[in-house]
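J.: need coordinates for the following:
(one chain, ligands or ions: 1)
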Amino acid sequence: MSGTAREPAQRPMRIAVIGAGLMGHGIAQVFALAGHGVTITDAHAPTLASVLSRVEANLIDLGEDVSAVKRIRLAETLADAVRDADFVVEAAPENLALKRKLFAEVEAVAPATTVLASNTSVIPISEIMRTLTRRERAVGTHWWNPPFLVPLVEVIGTEWTSDATMTFTMDLHARAGKTPVHVKKDVPGFVGNRLQHALWREAVSLVEHGICDAETVDTVIKASFGRRLAVLGPLENADLVGTDLTLAIHQTVLPAIESRPGPSPYLETLVKEGRLGMKSGEGFRRWTPEEQAALKKRVVDHLKKQR
Ligand SMILES: NC(=O)c1ccc[n+]([C@@H]2O[C@H](COP(=O)([O-])OP(=O)(O)OC[C@H]3O[C@@H](n4cnc5c(N)ncnc54)[C@H](O)[C@@H]3O)[C@@H](O)[C@H]2O)c1
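T.: This next block holds a predicted model:
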């Protein structure tokens, strides 16, 4: 029997990646670099065909071992990708029906003990996996973009996930050089995106209510607590300044900040008007192609320095 969830993730594993887009190719790269054999598949043939050259370009840019690309095999079908996998990670589009369908196909072909993971950004893992027969071997593994530069992987357990599956998955990612954290309740957005979008909700609200413009929101964060965030989490910070001061601040500020349950009407209007951000040249702000390229370079350069 291939890859039981009870084995430690020490020996080279057979990893299958479903979806070879932005996240999938980067996840494949991380596992190949860690010495695992990776099989990757994608429904879009040109995307699949370009995986090896994309990974190779990343490895060259990062000064990593380019020969790792030889451990990645392209599979034209999902069945071929997963049939002998120890661990399957799905990085297909953020669509519940599609993800359910893909895991039903995986379950029909993969060994009964293969651990099954979804890289969904915010969909509860239970929603994706509830129709499976063997749900104890299913987890969420939420990576961050780019997967080879941002360390965190949130490992989300459902009410059905076995301890062995959780231990195996945490270990596999830790040994691949990632920073896995165990998310104990399967809530929408897990931990990282709940925190991130609590901040974004207030950011949109500040602009919506004319308190400042979009550029000012971003400047305030980047020139203040954003500078500290990579080395000082909010609860460390609360302890640093004192929980009594934190309480006093919350008594004044929390009643005043945004608390509506749904998306901002301001954001809905942007989308309705086709102001979709960089891809349409304008979102909260206008973006020339040069400004877009400069921003993307700035982010990657910063993340590379932090490695
Ligand atoms: N982009 C991010 O920053 C980010 C971060 C964390 C998690 N995620 C999540 O990861 C998943 C993938 O996101 P992405 O940004 O890589 O998207 P993407 O669009 O770049 O890649 C998705 C890939 O899946 C392929 N695909 C579509 N249908 C398929 C099928 N039936 N079988 C196999 N492949 C199929 C597409 O051709 C595409 O190449 C989503 O659930 C997303 O929410 C994204």
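J.: what about the strands in the chain?
T.: 14-18, 37-41, 72-74, 87-90, 115-118, 138-143, 152-156, 179-183 (DSSP state E).
J.: which residues touch the first one?
T.: What that stands for is strand 14-18. 2-3, 24, 27-28, 31, 36-42, 75, 78, 81-82, 84-92, 102, 106, 110 (Cβ atoms under 8 Å, 6 or more residues apart in numbering). From N, CA and C alone the C-beta is placed, and that goes for glycine too.
J.: the residue lying closest to E105 once chain neighbours are set aside: neighbouring residues, count only.
T.: Counting by Cβ to Cβ, 6 or more residues apart in numbering, E105 lies nearest to L78, which is 5.5 Å off, once chain neighbours are set aside. Neighbour count for L78, taken as other Cβ atoms under 10 Å: 22.
J.: do the same with S259
T.: Using other Cβ under 10 Å: S259 sits among 10 other residues.
J.: just use 11 as the starting number from now, easier for me
T.: That works, and once the first residue is 11, the last one we named lands at S269.
J.: let me know the pLDDT of it.
T.: We have a pLDDT of 97 for S269.
J.: what do you get for the one 10 residues further on?
T.: Each residue has a pLDDT score; the one for T279 is 98.
J.: ok, it to the ligand distance?
T.: 24 Å (Cβ to the nearest ligand atom, to the nearest Å).
J.: within range of the ligand, give me the residues from this protein.
T.: By Cβ under 6 Å from any ligand atom, the part of the chain that sits against the ligand consists of 28-34, 51-54, 57, 101-104, 112, 129-131, 153-155.
J.: what's around the closest residue to T298 other than its chain neighbours, how many residues?
T.: Once flanking residues are discounted, T298 sits nearest to G291: 7.8 Å by Cβ to Cβ, 6+ apart. Number of residues near G291 (other Cβ under 10 Å) recorded here: 15.
J.: G291 contacts W297, correct?
T.: Yes. Under the criterion of Cβ atoms under 8 Å, G291 makes contact with W297 at 5.9 Å.
J.: a markdown table for the strands of the chain, including distance to P244, mean neighbour count and mean pLDDT?
T.: Output for those, formatted as a markdown table (distance: least, Cβ to Cβ, whole Å; neighbours: other Cβ atoms under 10 Å; pLDDT from 0 to 100):
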| stretch | distance to P244 | mean neighbour count | mean pLDDT |
| --- | --- | --- | --- |
| strand 24-28 | 33 | 27 | 98 |
| strand 47-51 | 36 | 24 | 98 |
| strand 82-84 | 38 | 20 | 98 |
| strand 97-100 | 29 | 27 | 98 |
| strand 125-128 | 27 | 28 | 98 |
| strand 148-153 | 19 | 26 | 98 |
| strand 162-166 | 15 | 23 | 98 |
| strand 189-193 | 15 | 16 | 98 |
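J.: how about the ones you listed, which one is nearest V310?
T.: Across the strands of the chain, V310 has its closest neighbour in strand 148-153 (16.2 Å, Cβ to Cβ).
J.: burial of G272, as a residue count?
T.: 8.
J.: can you map out the helices along this protein?
T.: 32-43, 55-59, 61-72, 88-92, 106-119, 135-139, 173-185, 202-218, 224-232, 235-239, 244-251, 253-263, 275-282, 299-316 (DSSP state H).
J.: now, of those helices, which is deepest in the fold?
T.: Across the helices of the chain, averaging neighbours per residue (mean count of other Cβ atoms under 10 Å) puts helix 32-43 on top, at a mean of 25.
J.: chain center to that helix: distance?
T.: Relative to the centre of its chain, helix 32-43 is centred 12 Å away, using Cα atoms, centre = their mean, to the nearest Å.
J.: kindly calculate the angle that that helix makes with helix 61-72.
T.: Counting by axes from the mean of the first three to the mean of the last three Cα atoms, to 10 degrees, helix 32-43 lies at 70 degrees to helix 61-72.
J.: which residues does the closest residue to the ligand within the stretch 161-310 of the chain contact?
T.: Closest approach between the stretch 161-310 of the chain and the ligand, counting by Cβ to the nearest ligand atom: N203, at 8.4 Å. Each residue near N203 by Cβ under 8 Å, 6+ apart is listed here: S131, V132, H152.
J.: domain ranges for the protein, per the record?
T.: In terms of domains, the chain is parsed into 24-193, 203-283 (source: automatic domain parsing).
J.: now the terminal residues of the longest one, how far apart.
T.: I take that to be domain 24-193. Chord length of domain 24-193, first to last residue, is 25 Å (Cα to Cα, to the nearest Å).
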